[in-house]
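Colleague: Need coordinates for the below:
(one chain, ligands or ions: 1)
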Amino acid sequence: MSEKDKKSIEEESKSCITRRSIIKGLIGTAGVGVFAGLTLPFGTIKNTSGKKKRQKIAKGDKLVFAVGDKANQIIKVDDLPLHKGTLAYPKGKEEHHNLILLFHSPVNNFQEPTKMDFITKNGFAAYSAICTHMGCTVEWYPHKQFSFDFPHLFCPCHQSVFDIFHGAKVLAGPAPRPLPQLPIMISDNIIVAAGDFNGPIGPQPGGK
Ligand code: FES
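Modeller: Numbers count the residues shown, from 1 in each chain. Predicted coordinates:
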């Protein structure tokens, strides 16, 4: 990933944290019924891939950290203990529409419609990090937030919430469909893709 792309992702991350703080400030301790209907004028996060055709993720592509101290480094099993998540890219294909949310949870928590053959035996799972509503970057929330007392994925732009244990189905907010799931596996103690996402990434024509 180029320095420019890396900087862009880091800026996006900071921007999301700022938005999240604002949202928390606005919402306070209100329940989901309030925040689900709240629309804030934040717009979408910049798509860094332009009009270039996305490079599909292939079986064997290694996942690397997209942000943080280990940005660009290959993700090993030990890097993500239980209840941790990170933004990631397939190595060599670091572009906006390939941004991944990778997380590690107790494997018994996962249920259909999660594609169970897409997760690893020890509970690593991965989804597109591009919100299906307007394409913002979805965030990993490991703790209780509002009325959701389990880990979930949250889009700070219009507060869509996705259920990590049920195929990233939409629990709240305007997102029209779940996040596509990425099949992953472990090879030589590192996390690798086992294929491409199982659905279209981000918003689609007609809002579907
Ligand atoms: S972009 Fe609107 S909820 Fe995610």
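Colleague: mind checking how far the closest residue in space to P81 that isn't next to it in sequence is from C136?
Modeller: Of all residues beyond its chain neighbours, the one nearest P81 is H104 (6.7 Å), with distances taken as CB to CB, 6 or more residues apart in numbering. Any C-beta I mention is one placed from the backbone N, CA and C, and that applies to glycine too. As judged by CB to CB, to the nearest Å, H104 and C136 stand 23 Å apart.
Colleague: Compare neighbour counts for these two and give me the winner.
Modeller: Neighbour totals were compared for H104 and C136, and C136 leads with 25 against 21 (other CB atoms under 10 Å).
Colleague: wait, doesn't the more buried one sit right on L153?
Modeller: No - the pair C136 and L153 does not pass the contact test of CB atoms under 8 Å, sitting 11.6 Å apart.
Colleague: Tell me who's in contact with the nearest residue to I119 once chain neighbours are set aside.
Modeller: Using CB to CB, 6+ apart and skipping residues adjacent in sequence, the residue nearest I119 is A125, 4.4 Å away. The neighbours of A125, taking CB atoms under 8 Å, 6 or more residues apart in numbering as the test, are 102-105, 110, 114, 118-119, 164, 181, 184.
Colleague: ok, 10 Å please
Modeller: 85, 101-105, 107, 109-110, 114-116, 118-119, 164-165, 167-168, 181-184 (CB atoms under 10 Å, 6 or more residues apart in numbering).
Colleague: Show me the residues you listed that map onto strands.
Modeller: Mapping these onto strands (DSSP state E) picks out 85, 101-104, 181-182, 184.
Colleague: what's the farthest-apart pair in these?
Modeller: Considering CB to CB, no two members of those lie farther apart than H104 and Q181, which are separated by 15.1 Å.
Colleague: ok so, going back, which among the ones in strands among the contacts of A125 gets closest to S160?
Modeller: For the ones in strands among the contacts of A125, the nearest to S160 is L101 (13.2 Å; CB to CB).
Colleague: bridging residues for that closest one?
Modeller: L87, Y127 (DSSP bridges).
Colleague: Distance of it relative to the ligand?
Modeller: Here L101 is placed at a distance of 13 Å from the ligand (CB to the nearest ligand atom, to the nearest Å).
Colleague: cool, and P156?
Modeller: Relative to the ligand, P156 is positioned 8 Å away (CB to the nearest ligand atom).
Colleague: that's a helix at P203, yeah?
Modeller: No - looking at P203 with DSSP: H, G, I helix; E, B strand; the rest coil, it is coil, so not inside a helix.
Colleague: out of everything not next to it in sequence, what's closest to G173?
Modeller: If the residues on either side of it in the chain are set aside, G173 comes closest to S160, at 3.0 Å by CB to CB, 6+ apart.
Colleague: just how off-centre is stretch 199-208 within its chain?
Modeller: Chain-centre distance of stretch 199-208: 16 Å, with CA atoms, centre = their mean, to the nearest Å.
Colleague: List the buried residues in that stretch.
Modeller: In terms of neighbour count (16 or more other CB atoms under 10 Å), stretch 199-208 has its buried residues at 201-203.
Colleague: With stretch 184-196 instead?
Modeller: Those would be 184-185, 190-196, for stretch 184-196 by 16+ other CB under 10 Å.
Colleague: All set now, cheers.
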